[in-house]
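Participant: Dropping the sequence and predicted coords here.
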Amino acid sequence: MSFVSRYGDDPTLAYPSPATMAVKRATDVLGAAAGLVLLSPLFLAVAAIIKLDSPGPVFFRQVRVGRDGHLFRIFKFRSMRVDVSRNGGALTVRADKRVTRFGRFLRRSKLDELPQLINVLAGDMSLVGPRPEVVPFIMHYTPAQRAIMLSVKPGITDHAAILFRDESALLDCDRDPIEVYRREIMPIKFRYYARYIRRITLLNDLRIILATVILLAIGRLPHWLGFEAEPQSQPLLGGSKSQEQ
């Protein structure tokens, strides 16, 4: 399936220069390769625990939409039971019973996202960029929004991912999670995506990567990094992960 013909092109969009994107790709390759080598002992340990915790494969793979509508399969450490596709909805909510015991730790610590370094090295993703959506949700964006989002490779982390780092824990299960995600979460995330794409620089990417590492290490963001506080004053700014394990 191709999405390119549906997106069109907006000549007013200020996309990054080829030189900027070349530097970004070089940083991705070096960073992903180094990360896979340095984290290989952790990968082996996590894989062993996943196999001991519940039957099934180590990795969860799912089709996502990448740059220019290219479809690819994302890698994640499996955090749900293997029968997840037959039980429950497409979104992961707070206290979801489909999540395994070790899977809860993986999600909370974000270790389940580390295998996406493979996607980065393969060229389907970047270290920093808009999080890749599944096909049903990408179609809820307008053509103009899709033109912006899919002008760059999706990323492992970005500003929106940092600010919405605990979506599933904030979801009110009394409301339809899909509608909440579509109507309340997606518009806010898109504003962060568009802002990032219009100001891609190596320094900004390094700042986002540093913020992500610090957040995972100590659980909070230092003020000197310049990130806005998580917007918890909104009625509901948390929710589900779009079909993510």
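Facilitator: Thanks, I have it. Numbers count the residues shown, from 1 in each chain.

Participant: Now do the strands in the chain.
Facilitator: Under the criterion DSSP state E, the chain carries strands at the ranges 59-65, 71-77, 91-92, 126-128, 155-157, 241-242.

Participant: now the fifth one: how far from the chain's centre is it?
Facilitator: The reference is to strand 155-157. 5 Å (CA atoms, centre = their mean, to the nearest Å).

Participant: partners of that strand in the sheet?
Facilitator: strand 126-128 (parallel) (DSSP bridges).

Participant: The strands of the chain: lowest mean pLDDT?
Facilitator: Lowest mean pLDDT within these: strand 241-242, a mean of 44.

Participant: And the residue nearest in space to the middle of the chain, how far from residue 100?
Facilitator: Closest to where the C-alpha atoms of the chain average out (CA atoms, centre = their mean) is residue 131, at 3.6 Å. According to CB to CB, to the nearest Å, residue 131 stands 22 Å off from residue 100. The C-beta positions use only the backbone N, C-alpha and C, and glycine is treated the same way.

Participant: for the protein, which helix is longest?
Facilitator: helix 18-38 (DSSP state H).

Participant: Tell me how far it lies from the chain's centre.
Facilitator: Taking CA atoms, centre = their mean, one finds the center of helix 18-38 at 17 Å from the center of the full chain.

Participant: Extract the C-alpha set from that helix and format it as CSV.
Facilitator: Output of helix 18-38 as CSV, limited to C-alpha atoms (Å, rounded to 0.1, in the frame of the first residue of the first chain):
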residue,chain,number,x,y,z
PRO,A,18,19.6,18.0,2.0
ALA,A,19,22.8,18.8,3.9
THR,A,20,21.0,18.9,7.2
MET,A,21,19.4,15.5,6.5
ALA,A,22,22.7,14.0,5.4
VAL,A,23,24.3,15.0,8.8
LYS,A,24,21.2,13.6,10.5
ARG,A,25,21.6,10.3,8.7
ALA,A,26,25.3,10.0,9.5
THR,A,27,24.5,10.7,13.2
ASP,A,28,21.7,8.0,13.1
VAL,A,29,24.1,5.4,11.7
LEU,A,30,26.9,6.1,14.1
GLY,A,31,24.5,6.4,17.1
ALA,A,32,22.5,3.2,16.3
ALA,A,33,25.6,1.1,15.6
ALA,A,34,27.3,2.2,18.8
GLY,A,35,24.1,1.7,20.8
LEU,A,36,23.6,-1.8,19.5
VAL,A,37,27.2,-2.8,20.3
LEU,A,38,27.2,-1.2,23.8
